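[1] give me coordinates for this.
(chains A and B)
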2 protein chains.
Amino acid sequence: MKQIILAADIGGTTCKLGIFDQALERIEKWSIDTDVTDPTGVKLLKDIYEAFKSKLNTLNYTVEDVIGVGIGVPGPVDFETGVVHGAVNLYWNNKVNVRDIFKQFIDCPIYVDNDANVAALGEKHKGAGQGADDVVAITLGTGLGGGVISNGEIVHGHNGAGAELGHILVDIDQRFQCNCGKSGCIETVASATGVVNLVHFYYPKLTFRSSILHLIKNNQVTAKAVFDAAKEGDPFCIFITERVANYIAYLCSLVSVTSNPKYIVLGGGMSTAGLILIENIKTAYRHYTFKPAQEGTEIVQAELGNDAGITGAAGLIYTYIIEKEGVK
Amino acid sequence: MKQIILAADIGGTTCKLGIFDQALERIEKWSIDTDVTDPTGVKLLKDIYEAFKSKLNTLNYTVEDVIGVGIGVPGPVDFETGVVHGAVNLYWNNKVNVRDIFKQFIDCPIYVDNDANVAALGEKHKGAGQGADDVVAITLGTGLGGGVISNGEIVHGHNGAGAELGHILVDIDQRFQCNCGKSGCIETVASATGVVNLVHFYYPKLTFRSSILHLIKNNQVTAKAVFDAAKEGDPFCIFITERVANYIAYLCSLVSVTSNPKYIVLGGGMSTAGLILIENIKTAYRHYTFKPAQEGTEIVQAELGNDAGITGAAGLIYTYIIEKEGVK
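    Below you'll find the predicted structure:
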């Protein structure tokens, strides 16, 4: 009987790999370096396959035991076909059909999705969103990413742009340009980059003193420095933190009124800033959000950290094969 | 073999009823008056059952031929249980378990959902959203309602507040109070009520002349009068129309970035205002929306009008019974 799931979370520097059982319990995890020398993706995917094969040997499994392979990729993915449309961090400049390439190595169901979606699926199955069929995950890192799970399934939308939460227009004055070409996206004011943007925007306009003045002057501000100073009572950094929290709360309010999730899971580096950020988010969220749409909804911190990707990649096989069809 | 679907769209004044075949083609439609004298709902639901039974007789069907019954209700519904939590327009002040009550009359699968969700499902199956698995319907009437379909299924959310699009906070200045108790909801600025709100807010502040001045002074402004005057070149009414269109475009932008629908279907009385509204919406939508999330998405006018409700109510049986399990 087939019994294991192979999972890969491809990043720009390392690929996290995992082997899971059919109840989505992790049997093994490890990682390999990401080879970005081949823009067709074949070399990297072959590396991943070889790593799986050798690990299967060690664990006394064979490829016959594999139910399916789930793969998370940092770029836009067509979920139906498994085609990645330009993964900048991997130097895949053209389309790469990850499913077709991987099928040449191992003939079993192969599901490919983008990293934000698989991280959301990971948190839904084994992390802070456990037990719920409606979960939204928001990743607060250098940028702002998202994954929406409704009725137990990932919302991809008609062309895969579902849950592109970083590009919701929230800054009415459109003060900062976004990488997407537009201005005013929430990513420009509520990510690590956004924190820095707001610091440089507000500092010259306000008379607050700040303990991070030396960082501001030397262009060395980081989100972490801002939150740390806020925790110590720095009034300017508290002001910035509240603004950032308000934007994130507004996003939580929007997803509540559209998708009404049980859990809004905050992940990424910024989500570990602690109570000063999360409590401000919760307060503003309650203020902004339609009452019936906030009832019973919890804003929680992600639990899986760096393992969200492989857990969610395995979760693709669990959700779309095991739960739907059972194991043969 | 079971072969027909019974569908009811319960409104405050009339109940629209329909009989559909298993391909969701309509066999018959008619309506009965809504009896609001019984706050338990039993009398009204019995009326509906009796109307179905008598029509089945006429058409030479029996209750044995019924695959299922779909019912749309104007109020919040728990989709899992079929319980309606207070339908104000029907004077159902307490919970009414529509499914359990109807099961006493006819023993077959019974699905109950709110009217905005079933209208969206109707447009997805037989109207302007045909052929797509990702559709958002926005109803622009006295209020602003919504229905979101992702992966072919209605997004209810964890407690049924999914797609409560009317209560997205968009008016930063929170100028107008909403029926929900908060201020600033999009319903207060982008519905028929919202048009009137904006007219009374802006008129004293602007030096525009307007052909609808007599209506403003007599408190008789309607959305229709504003759009009609705008079409004839009235500058104040054009100003108001553009503002309303901007809010609706912003909402379309938000649902594109969260759900990425193929079709955004605009229905309700205001959606028939014509090109002056819809073209302004499309222009602002293109400006506001993340490029990948607007690619291939079409903003279209609803096609089913008053039949959206019964079509979508029948669509509940089609979606959740026939498509999933087949007909036995």
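[2] near chain B, anything from the helix or strand encompassing residue A:118?
    Per DSSP states H and E, residue A:118 falls inside helix A:115-126. No. Helix A:115-126 stays clear of chain B (Cβ under 8 Å from any Cβ of the partner chain), getting no nearer than 12.0 Å. Every C-beta, even on glycine, is put in place using the N, C-alpha and C of the backbone.
[3] residues of that helix that come out buried?
    A:115-126 (16 or more other Cβ atoms under 10 Å in any protein chain shown).
[4] do stretch A:2-12 as well
    A:4-11.
[5] same check, this time on stretch A:42-56
    Across stretch A:42-56, burial judged by 16+ other Cβ under 10 Å covers A:44-49, A:51-53, A:55-56.
[6] again with stretch A:196-203
    Neighbour counts using 16+ other Cβ under 10 Å place A:196-199, A:201, A:203 of stretch A:196-203 among the buried residues.
[7] list the contacts for the most centrally placed residue in chain A?
    For chain A, residue A:116 is the residue whose C-alpha lies nearest the centre (Cα atoms, centre = their mean; 3.1 Å). By Cβ atoms under 8 Å, 6 or more residues apart in numbering or on different chains, the contact set of residue A:116 is A:137, A:139, A:145-147, A:163.
[8] determine which two of the residues you listed are furthest apart.
    Greatest spatial distance among the contacts of residue A:116 (Cβ to Cβ): A:139 and A:163, at 10.5 Å.
[9] which of the two has more residues huddled nearby?
    Taking other Cβ atoms under 10 Å in any protein chain shown, residue A:139 and residue A:163 do not tie; residue A:163 has more neighbours (29 against 26).
[10] how about the stretch 201-328 of chain A: which residue is closest to chain B?
    Here the stretch 201-328 of chain A gets closest to chain B at one residue, residue A:260, 2.2 Å apart by Cβ to the nearest Cβ.
[11] residue A:255 contacts residue A:155, correct?
    No. Residue A:255 sits out of contact with residue A:155 when judged by Cβ atoms under 8 Å, with a separation of 10.5 Å.
[12] which residues are common contacts for these two?
    The contact sets of residue A:255 and residue A:155 overlap at A:148, B:258 (Cβ under 8 Å, 6+ apart).
[13] just to check, residue A:79 is in contact with residue A:113?
    Yes. Here residue A:79 reaches residue A:113: they are 5.8 Å apart, a contact under Cβ under 8 Å.
[14] coming back round to it: just the closest of the contacts of residue A:116 to chain B, please.
    Checking the contacts of residue A:116 against chain B with Cβ to the nearest Cβ, the nearest one is residue A:163 at 6.5 Å.
[15] who's in contact with the closest one?
    Residue A:163 makes contact with A:116-117, A:120, A:136, A:146-148, A:154-155, A:157, B:257-258, B:260, according to Cβ under 8 Å, 6+ apart.
[16] for it, grab phi and psi.
    Dihedral pair for residue A:163: phi 60, psi 30, per degrees, to the nearest 10.
[17] out of the buried residues of stretch A:42-56, which are inside helices?
    A:44-49, A:51-53, A:55-56 (DSSP state H).
[18] ok, back up a step: which residues do residue A:139 and residue A:163 both contact?
    Residues touching both residue A:139 and residue A:163 (Cβ under 8 Å, 6+ apart): A:116, A:146.
[19] got a pLDDT number for residue A:85?
    pLDDT, residue A:85: 89.
[20] what about residue A:181, how many residues nearby?
    By other Cβ under 10 Å, the residues close to residue A:181 number 10.
[21] would you mind giving the secondary structure of it?
    coil (DSSP: H, G, I helix; E, B strand; the rest coil).
[22] for residue A:87, which non-adjacent residue is closest in space?
    Leaving aside its chain neighbours, residue A:87 sits nearest to residue A:75 (3.2 Å; criterion: Cβ to Cβ, 6 or more residues apart in numbering or on different chains).
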